[in-house]
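>>> Prediction below, plus the sequence it came from.
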Amino acid sequence: MWRLKIILICVRLILQIENASGQISNTTLLGEDLDGFNYITKTKLNKGNNTRIVGGKPINIRQVPWQVALYNDGYFICGGSIISPDWVVTAAHCAEGGGSFAIRAGSPYLNRGGQIRWARLVVVHAGYSARTGSRDIALIRVYTRFRITNFVRPIAIARSRRRLPKKLFGIDDLDYFDPKIYNVNGTRIVGGRPINIRQVPWQVALYDNGYFICGGSIISADWVLTAAHCVEGGGRFAVRAGSSYANRGGQIRRARLVVMHARYNTYTANRDIAMIRVNRRFIFNRFVRPIVLTRTGRRLPQRFFVSGWGSRREGGSATQRLRGVTIDRLNRRRCRAKYARAGVPITHFMFCATTPQRDTCQGDSGGPIVRRRIQYGIVSFGIGCARPRFPGVYTNIRRLNRWIRNVIRRRGGRMPRFS
């Protein structure tokens with residue numbers, strides 16, 4: 001009986017503390033050890049009105065891979081956005097007063113998953129006014145760089161002279177700061193056009209847990225070629241072949257085996273290549289056929305054709321209809337010079353291609369870049385889409401032929417054609 005009385009007294013004290021603070025805490029142990037810490041997330045929900053989204057809809061983190069959740073002493077307090085592998089931007093009022101800040105990136109949930117990073121440095125604008133909210137901006141540098149994946153990517157920042165667009169898109173989950181995405185002039189694949197799968201019967205759409213994530217190409221009856229960053233981290237992958245649409249038709253195959261290049265570098269995207277062996281062989285017809293791969297000694301052509309279901313604008317969502325665009329190769333020296341400004345190395349395992357106001361974009365990753373039915377590269381990365389200063393970067397298949405052959409020799413299946 002005395003034990004029951006003690007329990008009742010403790011419960012009353014807890015309820016009094018919660019009522020006095022006006023907060024409800026939901027504590028969940030994050031079942032992972034990231035950056036050397038077992039981190040406990042306490043999602044704090046205030047009773048007062050906050051800037052929540054009304055009329056919005058649940059979305060996947062793939063749609064906004066720059067979005068992060070900010071925690072102070074284990075409590076969720078705000079949102080923010082990744083602007084580089086080292087830095088996050090948020091609101092000054094979220095970081096003023098100091099604390100023990102941590103950040104979760106790459107997860108659509110506040111209490112699980114993703115990459116956890118601890119704040120190494122917090123910089124609040126010196127002119128920030130708590131009273132007026134003027135210059136409400138802060139930067140947080142993380143201890144360990146973010147690992148760039150399909151779920152974790154930096155967002156571009158508007159330049160000083162760019163006019164604010166009329167329409168914006170924001171993400172909010174009871175937080176204050178939302179990164180905004182806007183249409184940038186010239187980021188549509190201008191000159192690109194809807195195409196039929198018969199024109200590119202090797203093109204496939206890649207899905208993870210039912211979500212469209214990337215493109216790819218059929219290289220034999222058993223194997224699909226794509227980018228390593230599309231499959232890193234694992235998942236339940238499936239492939240759709242033989243359809244002009246990302247959401248219907250064609251042949252569906254599940255991944256039996258996924259092989260990433262052992263020396264793929266997440267941070268530099270060097271050797272950004274992976275192969276998927278399907279659970280059943282593709283049935284070849286007018287809509288489903290393998291692509292021929294370039295041989296090691298063949299020179300890169302000057303002009304290419306790229307296809308995919310990627311976004312038609314920077315920050316936009318994938319399109320349901322297959323599209324294609326013609327782009328021109330850029331001299332390696334010029335490409336290196338352009339990306340050197342951003343601190344991004346362009347290696348021999350990469351080449352660049354661009355045409356004014358034409359480019360690949362989000363969702364085109366992993367897809368083929370071809371010339372006269374020979375595949376020369378894989379859509380890898382870029383800064384933004386169709387930006388004059390930053391051309392698209394592609395994995396150079398010529399440098400990786402031996403790796404492709406070795407994978408198939410060891411893992412089985414039919415060998416692709418090289419020409």
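Cool, the structure landed. Numbering: from 1, shown residues only.

>>> ok, now which ones touch Gly324?
The neighbourhood of Gly324, defined by CB atoms under 8 Å, 6 or more residues apart in numbering, consists of Gly192, Arg193, Ile195, Gln199, Val200, Phe305, Val306, Ser307. Yep, even glycine has a C-beta here, placed from its N, CA and C like the rest.

>>> Extract the CA atoms of the stretch of helix or strand it belongs to and return them as PDB.
Gly324 belongs to strand 323-330 when assigned by DSSP states H and E. In PDB, the C-alpha atoms belonging to strand 323-330 read as follows (Å, rounded to 0.1, in the frame of the first residue of the first chain):
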ATOM      1  CA  ARG A 323      11.400  13.800 -71.600                       C
ATOM      2  CA  GLY A 324      14.600  14.200 -73.600                       C
ATOM      3  CA  VAL A 325      17.100  17.000 -74.300                       C
ATOM      4  CA  THR A 326      20.200  17.500 -76.400                       C
ATOM      5  CA  ILE A 327      23.300  18.900 -74.700                       C
ATOM      6  CA  ASP A 328      26.900  19.600 -75.600                       C
ATOM      7  CA  ARG A 329      30.100  18.400 -73.900                       C
ATOM      8  CA  LEU A 330      32.200  21.100 -72.100                       C
END
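
>>> who does it pair up with?
Its sheet considered, strand 323-330 pairs with strand 193-194 (antiparallel), strand 303-308 (antiparallel), strand 350-354 (antiparallel) by DSSP bridges.

>>> most packed of those strands?
The highest mean neighbour count among these, using mean count of other CB atoms under 10 Å, belongs to strand 350-354: a mean of 25.

>>> by contact count, what packs against the helix or strand following that strand?
The helix or strand immediately downstream of strand 350-354 is strand 368-371, counting by DSSP H and E. When contacts are defined as 3 or more CB pairs under 8 Å, 6 or more residues apart in numbering; DSSP states H and E, strand 368-371 sits against strand 211-218, strand 303-308, strand 374-381.

>>> got a list of contacts for the very next helix or strand once past the first one?
Read it as strand 211-218. Once the chain leaves strand 211-218, the next helix or strand it forms, by DSSP H and E, is strand 223-226. For strand 223-226, the surrounding residues in contact (CB under 8 Å, 6+ apart) are 204, 206, 214-219, 239, 273-278, 293, 366-368, 375, 378, 404, 408, 413-414, 416.

>>> Kindly recompute the last result at 7 Å.
Strand 223-226 is touched from outside by 204, 206, 214, 216-219, 239, 274-278, 366, 378, 408, 413, 416, with contacts defined as CB atoms under 7 Å, 6 or more residues apart in numbering.

>>> Please pull up the helix or strand immediately following that strand.
Per DSSP H and E, the helix or strand that comes after strand 223-226 is helix 228-231.

>>> How far away from the center of its chain is that following helix?
Mean-position distance between helix 228-231 and its chain equals 10 Å (CA atoms, centre = their mean, to the nearest Å).

>>> And the helices in the stretch 201-350 of the chain?
228-231, 332-340 (DSSP state H, counting those that start in this stretch).

>>> Format the contacts of Gly324 as JSON lines; extra columns: pLDDT.
Listed next are these as JSON lines, based on pLDDT from 0 to 100:
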{"residue": "Gly192", "pLDDT": "66"}
{"residue": "Arg193", "pLDDT": "80"}
{"residue": "Ile195", "pLDDT": "92"}
{"residue": "Gln199", "pLDDT": "96"}
{"residue": "Val200", "pLDDT": "96"}
{"residue": "Phe305", "pLDDT": "94"}
{"residue": "Val306", "pLDDT": "92"}
{"residue": "Ser307", "pLDDT": "90"}
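
>>> out of these, who's nearest Trp87?
Val306 (31.1 Å; CB to CB).

>>> Please name the nearest non-neighbouring residue to that closest one.
Ile369 (5.0 Å; CB to CB, 6 or more residues apart in numbering).

>>> Would you agree the one you found is in contact with Tyr394?
Yes. Contact criterion CB atoms under 7 Å: Ile369 and Tyr394 qualify, at 5.2 Å.

>>> So what's the residue count around Glu232?
19 (other CB atoms under 10 Å).

>>> so how far is the strand holding Gly324 from its chain's centroid?
Counting by CA atoms, centre = their mean, strand 323-330 comes out at 22 Å from the chain centroid.

>>> Over it, what's the mean pLDDT, rounded is fine.
In this model, strand 323-330 has an average pLDDT of 90.

>>> got the angle between it and helix 332-340?
110 degrees (axes from the mean of the first three to the mean of the last three CA atoms, to 10 degrees).

>>> List the buried residues in strand 323-330.
Arg323, Gly324, Val325, Ile327, Arg329, Leu330 (16 or more other CB atoms under 10 Å).

>>> so Tyr267 sits right up against Thr149, yeah?
No. Tyr267 lies out of contact with Thr149 (CB under 7 Å); the separation is 10.7 Å.

>>> Show me which of the two is the more surrounded one.
Thr149 (18 against 12).

>>> before we move on, back to that, ok, which of the helices of the stretch 201-350 of the chain comes nearest Arg286?
helix 228-231 (26.6 Å).

>>> Run through who's touching that closest one.
When contacts are defined by CB under 7 Å, 6+ apart, helix 228-231 is touched by residues 149-150, 206, 213-214, 237, 258, 260-261, 264, 269, 272-274, 365-366.

>>> who's in contact with Arg336?
Applying CB under 7 Å, 6+ apart, the residues near Arg336 are Ile346.

>>> For Met350, see how far away it is.
For Arg336, the distance to Met350 (CB to CB, to the nearest Å) stands at 10 Å.

>>> could I get the helices and strands packed on strand 368-371 as CSV with distance to Tyr143?
Output for the helices and strands packed on strand 368-371, formatted as CSV (distance: least, CB to CB, whole Å):
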stretch, distance to Tyr143
strand 211-218, 29
strand 303-308, 36
strand 374-381, 24
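
>>> who wins for proximity to Asn285 among the ones you listed?
Among those, strand 211-218 sits nearest to Asn285 (CB to CB), with 11.9 Å.

>>> Pairing partners for the closest one, with directions?
By DSSP bridges, strand 211-218 pairs with strand 203-208 (antiparallel), strand 223-226 (antiparallel).
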